[in-house]
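Participant: this one's sequence-less:
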Ligand SMILES: Nc1ncnc2c1ncn2[C@@H]1O[C@H](COP(=O)(O)OP(=O)(O)OP(=O)(O)O)[C@@H](O)[C@H]1O
Ligand SMILES: [Mg+2]
């Protein structure tokens, strides 16, 4: 049989899915054991006991200086910034993207502008943001918005443009005005794409968040990682990275489940 | 009355002349089939009747009035594809026209208004043979069912003119024959004038009262751009077919056909169940 036609069974699929993770953990364990055997005080690759210690200290014991449970207060601070940034981007992208996709005048006005803006490297703007908006939350949220909103706008505008012309014409023959067509034909078909779009922007959003926190902050997951870097605390950095990854993966998964639950037809389309 | 008068209409895209001097008067309640080779401008012509495209020269009158420059509810349409909305159920698709007309800002109906609209939509859904599929999404319907849904969706607006662009082109012959029966019945029962583009001569002569052929008189490659298509044949079916009238000549051909039992294009009702 051709390779392109051989498919794994369900069991094999599960095993294959887990394999890379198991391999990664095993490779790390081996490397850590080797280094610790050479030098018991090695800080570069701590073993899993070291991780458990650090996690226990950060998640379940109050910090001696502030009395906070650091992992949770960092997570809350970061997620607040992340979701504020993503939320503002999502609403902007939906409104502007749909308008560009539907209205030729706005398309002529904004398409080139948004295309240029989306090419500005957001991190290069960070100093400006700090100068203009101060070092508080606003500048960090603004960085996320500047980083992800232009791409989302372009994606949604394209998606609105991609709707078959026939559908729009059909809606016109059913008596729809521009507003009604936006509300009943374009918006519902764009929303599933909007969710997918947010999922794809989760990575960049985290990137900008951590960059902003690394440079100026007093809390947050990115702040903590860059703080403990000075003490080579790999036992903190690794769990934090894993935790950020887990948060991103969970958000991604939940968003997709929301899409399937709220827009069942979008899943049918995919299968069809 | 819904008479269409097309007078000396030309359509050009840039340098390319697509249609050349088309004049045609379509009587009220007529059923015109448009045939012609691929690329000769049949869809373009239909889009002009719809208001989606505009004639470069010439005029189109509906009931003596110049055609509005935009698609309107008085002219319904069914395309070969993408005629129904994938995000709405069968019921939602048929209901949409009612909701857009009745509710200017929310485009949704509530309470008794909604109930009566649903009642009307259900009747129409039954009319086209989709009873029982009201809660399904288009992706769950076969091609034939989707086209019947598109018909119901257009008909709820009670259009004066119904425009069809190869609506049944992708269906198998059996399913197509069934939809022809439905189409004939709908045309007999409603007041509308129908213009249908088709590549199937048999379909044209089974359904239409008049078959009009578009063709480029000169089709050598170097002349193609400079000469558009014109009407080369205009055949009225004889003995004449008239909407809503029983034909004494050939009741078999034009009489109402009663169809019972499950339809061929409904997978859930096919005897083997696996189509
Ligand atoms: N928007 C457009 N811009 C430029 N040329 C166009 C446009 N729409 C159609 N044409 C040209 O007009 C001609 C007629 O196209 P049309 O789609 O009307 O043909 P048709 O008779 O419907 O063909 P078919 O039977 O294949 O559907 C084609 O040569 C096409 O290239
Ligand atoms: Mg065509």
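Facilitator: Cool, got the structure. Only a predicted model underlies this, so the values are computations on that prediction, with no experimental measurement involved. Ligands and ions are numbered 1, 2, ... in the order given.
Participant: going forward, measure contacts and count neighbours with C-alpha atoms only.
Facilitator: OK.
Participant: tally of neighbours for residue A:227?
Facilitator: By the criterion of other CA atoms under 10 Å in any protein chain shown, residue A:227 has 16 neighbours.
Participant: That one sits in which helix or strand?
Facilitator: Using DSSP states H and E, residue A:227 falls within helix A:221-228.
Participant: same thing with residue B:195?
Facilitator: strand B:193-197.
Participant: buried residues in that strand?
Facilitator: Neighbour-count burial for strand B:193-197 flags B:193, B:194, B:195, B:196, B:197 (criterion: 16 or more other CA atoms under 10 Å in any protein chain shown).
Participant: C-terminal to the lengthiest helix in chain A, what's the next element?
Facilitator: When chain A is parsed with DSSP state H, its longest helix is helix A:70-102. Using DSSP H and E, the helix or strand that follows helix A:70-102 in sequence is helix A:104-117.
Participant: tell me the angle of that following helix relative to helix A:70-102?
Facilitator: Calculated by axes from the mean of the first three to the mean of the last three CA atoms, to 10 degrees, helix A:104-117 forms an angle of 140 degrees with helix A:70-102.
Participant: any idea of the mean pLDDT for helix A:104-117?
Facilitator: The pLDDT scores in helix A:104-117 average 94.
Participant: How is chain B partitioned into domains?
Facilitator: Chain B breaks down into these domains under automatic domain parsing: B:4-74+B:161-274, B:84-158.
Participant: Would you mind finding the most buried of those?
Facilitator: domain B:84-158 (a mean of 20; mean count of other CA atoms under 10 Å in any protein chain shown).
Participant: returning to what we had before: the helix or strand just after the helix holding residue A:227 close to chain B?
Facilitator: As assigned by DSSP H and E, the chain's next helix or strand after helix A:221-228 is helix A:234-262. No - judged by CA under 8 Å from any CA of the partner chain, helix A:234-262 and chain B are separated, with a smallest distance of 11.0 Å.
Participant: on contacts alone, who are the packing partners of helix A:234-262?
Facilitator: helix A:48-60, helix A:187-215, helix A:221-228, helix A:264-271 (3 or more CA pairs under 8 Å, 6 or more residues apart in numbering or on different chains; DSSP states H and E).
Participant: What lies in contact with stretch B:37-52?
Facilitator: With contact meaning CA atoms under 8 Å, 6 or more residues apart in numbering or on different chains, stretch B:37-52 is reached by A:169, B:18-19, B:34-36, B:53-55, B:60, B:67-72, B:75-77, B:163, B:165, B:195, B:197, B:199, B:214-216, B:228-229.
Participant: For the spatially most central residue of chain B, I want the exact helix or strand it lies within.
Facilitator: In chain B, the centroid-proximal residue (CA atoms, centre = their mean) is residue B:164; its distance is 2.6 Å. Per DSSP H and E, residue B:164 falls inside strand B:161-165.
Participant: got it, and residue B:170?
Facilitator: Going by DSSP H and E, residue B:170 is not part of any helix or strand.
Participant: pLDDT below threshold where in the stretch 101-250 of chain B?
Facilitator: Applying pLDDT under 70 to the stretch 101-250 of chain B picks out residues B:219, B:223-225, B:246-250.
Participant: at 80 what do you get?
Facilitator: B:218-226, B:238-240, B:243-250 (pLDDT under 80).
Participant: How are the helices of it distributed by residue range?
Facilitator: Assigned by DSSP state H, counting those that start in this stretch, the helices in the stretch 101-250 of chain B fall at B:111-127, B:143-155, B:173-189, B:201-207, B:221-224.
Participant: of all those, which lies closest to ligand 1?
Facilitator: In terms of CA to the nearest ligand atom, the element of those nearest to ligand 1 is helix B:221-224, at 9.2 Å.
Participant: Show me which residues of the stretch 151-272 of chain A sit near chain B.
Facilitator: A:164, A:166-167, A:169-176, A:179-180, A:183-185, A:188-189, A:263, A:265-266, A:268-269, A:272.
Participant: could the helices of the stretch 101-250 of chain B go into TSV alongside distance to residue B:48?
Facilitator: Shown next, in TSV, are the helices of the stretch 101-250 of chain B (distance: least, CA to CA, whole Å):
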stretch	distance to residue B:48
helix B:111-127	28
helix B:143-155	18
helix B:173-189	22
helix B:201-207	21
helix B:221-224	21
